[in-house]
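# this one's structure only:
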């Protein structure tokens, strides 16, 4: 968590676009490590592929096409700063109201977890509970996420493609 804060502060102070791209990639890599430590391997794999891989590649390709001729500026938008701080305070307050990580007495562990563990094989015929939840119980949601990611990728490729000019 401290490393994420350090990278975030470095991002705020970055002066060149290449710095922002590299630090964003490092931020995604740290998030991937955090997701792995929380045993959220599916989210970690997605963050590694999209956050570190695809996004960094697209940003670097965009930088190559656009160039790094941006003027340096130091103007601070105080409205954005106060809005961001307000959202951060609300998030901290919201997190403070959550149960402790791994606590057995949370509502989700009282009803859903036991249901999925006991009934997944009978309901879906799939042995792995996580796979059954993602592929069967949340099949439409997962398909929707794949469609959104695919559409975003096609949109970015359309934006980045070069027009061939007749000379």
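Structure received. Predicted model only: the values in this text are computed from it and were never measured.
# give me phi/psi at residue 30?
Backbone dihedrals for residue 30, given as degrees, to the nearest 10, come out at phi -60, psi -40.
# measure it to residue 24 for me?
Relative to residue 24, residue 30 is positioned 11 Å away (CB to CB, to the nearest Å). The C-beta positions use only the backbone N, C-alpha and C, and glycine is treated the same way.
# Just the helices from the chain, written as ranges.
Using DSSP state H, the helices of the chain run over 2-13, 17-37, 41-46, 55-66, 78-96, 107-110, 112-124, 129-132, 139-160.
# For those, which has the smallest mean pLDDT value?
Lowest mean pLDDT within the helices of the chain: helix 107-110, a mean of 72.
# any residues touching stretch 29-49, and which ones?
Contacts to stretch 29-49, defined as CB atoms under 8 Å, 6 or more residues apart in numbering, come from residues 1, 3-4, 7, 28, 51-52, 130, 134.
# domains in this structure, as residue ranges please.
Using automatic domain parsing, the domain parsing of the chain gives 1-69, 105-167.
# Looking at the ones you listed, spot the one closest to residue 94.
For residue 94, the closest of those is domain 105-167, at 15.4 Å, according to CB to CB.
# re the thing from before, pick the most deeply packed of the helices of the chain.
Of all the helices of the chain, helix 17-37 carries the top mean neighbour count, a mean of 17, counting by mean count of other CB atoms under 10 Å.
# Would you quantify the distance from residue 96 to residue 5?
Distance of residue 96 to residue 5, computed by CB to CB: 18 Å.
# Ok, residue 87 next?
Residue 87 is 16 Å from residue 5, by CB to CB.
# and what of residue 20?
Separation of residue 20 from residue 5 (CB to CB): 17 Å.
# so what's the residue nearest the centre of the chain closest to, chain neighbours aside?
Centroid check for the chain by CA atoms, centre = their mean gives residue 47 as the closest residue, at 5.5 Å. Take residue 47 and drop its neighbours on the chain: the residue closest to it by CB to CB, 6 or more residues apart in numbering is residue 32, 4.7 Å away.
# follow-up on the earlier one: can you lay out the domains of the chain as a markdown table showing distance to residue 91?
What follows is those, written out as a markdown table (distance: least, CB to CB, whole Å):
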| stretch | distance to residue 91 |
| --- | --- |
| domain 1-69 | 14 |
| domain 105-167 | 19 |
